[in-house]
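# pasted the sequence and its predicted model underneath.
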Amino acid sequence: MGRKVTLMLLLALLPPLLVGCWSSREVESMAFVMALGVDVAKEGVQLTVQVALPAGGGGGGGGAQGGETPVWVTGTTAPSIAEGLFKMPAMLGREAFLGHLQVVVVGEAYALQGIGPLIDFLARERQVRDTVHLAVALGKAEDLLMVEPKVVQMPADYMFELLKQGAQSGLIPPSEFLRTRIAWHNRPQLQILLPLLEPEPNSPPEAISLKGSGVFVDDRMVGTLDTKESRGLAWLMGTVSNTIITIPREEGNIIQHVNFASVRYKLRETDEGAGLTAIVSQDGNLTQWPLQDEGITFPLLKQLEQDLSVVILGEITAGLAAIQGVYRTDVIGLGERLRRIDPKQFAAKNWDEAFPQFALDVRVQAAFRRVGLILR
Amino acid sequence: MNPAKIQISARQLMLLKLTGITGVLFLGSIRLLTITAGAQGIIAIAGGGIIGLVILYLAVTVAKMFPEQTPFEFAQAIYGRWMGSLIALSLIVYNLIISAMLLRDLGDFLITAILPETPISANILLMLGLVCFGVYLGLESLAYFNEGFSPLIFISWLIVIASGLLRADFGWLQPLFVVEPGRLLLSTVHSGGLVVDGLMVLLFYSFVTDKHQVLKYNAWAIVIATIIIGAIQIAVVASLSPNLAKTALYPVLELARNAPLGVFLERIEALYLALWIMATFIKISILFYANCLGLTAITGVANYRYFILPLALVTLYLSFQADSVVQSILFDAIFNQYALLYDFSLLLLLLLGGLWVRKPIKKRVARGS
């Protein structure tokens, strides 16, 4: 029996590998696309790819050595994204492999025109993962892919980390492609919100600035939010986990390093029907105290927490005013929150029309949990 | 080879059943449940589990009446040679359809998600070849092989579920208990068909050495499988949202791809897939083996191995009946609607027939004649 089972094990495990030969790809024949840029072109789209160069120049085509950049940025134009990528081998001399794709950047014009075809392509393509980060470039995506950062060798790694940490700070929204897909399939009660990036005006550009958020209605970007408004919305989405807040005072600024924030929603009845109350909780460390002669006392700290709440509430109000008053699109998913809590009330509303007037009451509970290593 | 000499334990049968249910979840079952019941799939899955337990009880009750015979044999004992053979043949066709659909689903999955340039025929032929070999080695070998594999399959699900739940937004499951009754019923039927798993217990009861343990062990198999299916469905819905999950062709694959182990070990879904493909092999082999036994019982041919190749050819033919993956999905959905009805009808037919046939025997025994 043991021999039979061993034989079965070998035969069951080894032959399936054989059919893989059909779909096999040699490393030498692949161009690893680390970042992809999509812009509008006369022909349709302009694709820009940031391709990793083989280390040590192996496989031809030169390599990343010494201070040289380890990527090659190039592009093509085509009627569609799929056709553009299909044209790539003719230009790269290798097949574009998207399995290691980390960041996809769309140009401002493309975002205004509509990112639906891109979402469809990325979701359908088996090589692309939902963990890819998606962002909008102010200007052209191509310019963003040209940035040569000094901190890390691989520009895509830099953008990836920038987007991750930017989302933690709330200055830009989270950018994982899965979030975009989820929003795309849960419209209108949750619309797409993407980070906005812009290259620093150096020559050659060496860094990227976080510029806030791109606000979408369906697949079209309809406007932008600055970093303050973006963080206002981030409080309501519960995505802030590492940021700095400044409380302006006559004596000087008091600064809190936030390391925890959350939000919960409660249903409340209003004259116009159902509304929501958002309770934003946050806490963090006191990192700057300008009142040199005054020690930190409990009543004073409580007063500062009140001030902190006002600052956060200001950010939230600014963010809400922009999406409800100006762009009229629910990018933070208030409709989805309402649907979860009271599906009947939600179903009774035409959310596109109801959202701008939707009553959201916001309460902020801010706290200084720690004050650093000194009390004065 | 005399099938009567083959013996497996109740635990091995339980593991075969568990592998048969959970090993193929990556193909289309979760999609089907999510499309019909959405975020409330868990209710349907729980209902399916209860149906599964009822059918298991019925199957064991029927099998106990003829403890040394396969259903193909005792169908003839109850209803006579021709009618019994017809019933046995229906069971063979039923298993054949499941095998062909599984093969096709696996082929579709491989060319869609992993091996896009490999012809589907190559994938199906290779798996079919393996299945033929597995069936040739027999039930005991498959049972032992599965005994080694099933813990790995179980662990793979635990990892996928745990890492999926870590990224989940449970708000997507709200509001609870809001689902159209018709869709919930349909989803419960799908789920029930899933955990019944082609009447595995009925097919192999006669080969089990410790028959008194069969009901207990297989009830556990259904309970565990229901928990696993429920947890996967929750993880899929809570991490993708119900609307997105409904659009995904392979939601479990999406879950596995998006759920890294910790934050450091990514792209390990290939490991899970290797295990799940093996599980598919075991499930198809078991169904194939049952079919060979069925044909042996109908035709009276002594060695079941003569039927391996003809059955493989029929399965191959059936697996190519769908023109595209979309039609393949449609076939799956239609079959799943009626599978449970067939399971239940067959068991009822055998149970009533069995009671009818055994009554005079009992009376004769009571009279001492």
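Great, that's in hand.

# residues of the stretch 51-200 of chain B that sit close to chain A?
Near chain A, the residues belonging to the stretch 51-200 of chain B are B:110, B:112-119, B:122-123, B:126-127, B:129-130, B:133-134, B:137-138, B:140-142, B:144-145, B:148, B:171-172, B:174-175, B:178 when assessed by Cβ under 8 Å from any Cβ of the partner chain. Any C-beta I mention is one placed from the backbone N, CA and C, and that applies to glycine too.

# domains of chain A: list them as residue ranges, please.
By the record's domain assignment, chain A is partitioned as A:30-225, A:228-376 (automatic domain parsing).

# off-centre distance for the shortest one?
Between the centre of domain A:228-376 and the centre of its chain there are 20 Å (Cα atoms, centre = their mean, to the nearest Å).

# please apply the same query to the first one.
Relative to the chain's own centre, domain A:30-225 is displaced by 12 Å; criterion: Cα atoms, centre = their mean.

# pLDDT on that domain, on average?
Per-residue pLDDT over domain A:30-225 has a mean of 89.

# right, is it up against chain B?
Yes - in this structure, domain A:30-225 sits against chain B according to Cβ under 8 Å from any Cβ; the contacting residues are A:126, A:129, A:130, A:131, A:178, A:181, A:182, A:184, A:185, A:186.

# type out the ChimeraX command that picks the buried ones from the residues you listed.
Here is the ChimeraX command that selects the buried residues among the residues of domain A:30-225 next to chain B (16 or more other Cβ atoms under 10 Å in any protein chain shown):
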select /A:129,130,131,178,181,182,184,185,186
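
# and the residues of domain A:30-225 next to chain B as CSV, adding secondary structure and distance to residue B:90?
Conversion of these to CSV gives the following (DSSP: H, G, I helix; E, B strand; the rest coil; distance: Cβ to Cβ, whole Å):
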residue, secondary structure, distance to residue B:90
A:126, coil, 39
A:129, coil, 45
A:130, coil, 44
A:131, coil, 48
A:178, helix, 45
A:181, helix, 44
A:182, helix, 45
A:184, helix, 46
A:185, coil, 41
A:186, coil, 45
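
# what subset of the residues of the stretch 51-200 of chain B next to chain A is buried?
Applying 16+ other Cβ under 10 Å to those, the neighbour count classes B:110, B:113-115, B:118, B:122-123, B:126-127, B:130, B:133-134, B:137-138, B:140-142, B:144-145, B:171-172 as buried.

# for whichever strand or helix holds residue A:134, C-alpha coordinates in PDB please.
Residue A:134 is located in strand A:133-137, with elements delineated by DSSP states H and E. Taking C-alpha atoms only, strand A:133-137 is exported to PDB below (Å, rounded to 0.1, in the frame of the first residue of the first chain):
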ATOM      1  CA  HIS A 133      -1.600  51.200  -5.900                       C
ATOM      2  CA  LEU A 134      -3.600  53.600  -8.100                       C
ATOM      3  CA  ALA A 135      -3.100  57.400  -8.200                       C
ATOM      4  CA  VAL A 136      -3.800  60.500 -10.200                       C
ATOM      5  CA  ALA A 137      -1.000  62.700 -11.400                       C
END
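
# give me whichever of the domains of chain A is most buried.
Between those, the one whose residues have the most neighbours on average, counting mean count of other Cβ atoms under 10 Å in any protein chain shown, is domain A:30-225 (a mean of 20).

# give me phi/psi at the residue in the stretch 51-200 of chain A positioned nearest to chain B?
When scored by Cβ to the nearest Cβ, the stretch 51-200 of chain A has residue A:185 as its residue closest to chain B, at 4.1 Å. Residue A:185 has phi and psi values of phi -90, psi 0 when expressed as degrees, to the nearest 10.

# my read is that it contacts residue B:247, right?
Yes - in this structure, residue A:185 is within contact of residue B:247 by Cβ atoms under 8 Å, at 6.3 Å.

# isn't residue A:320 right up against residue A:232?
Yes - with the criterion set as Cβ under 8 Å, residue A:320 and residue A:232 qualify as a contacting pair; they are 6.9 Å apart.

# where along chain A do the helices fall?
A:2-13, A:15-19, A:81-92, A:108-113, A:116-124, A:141-145, A:155-169, A:177-184, A:227-237, A:298-320, A:334-341, A:343-347, A:351-354 (DSSP state H).

# burial count for residue B:209?
11 (other Cβ atoms under 10 Å in any protein chain shown).
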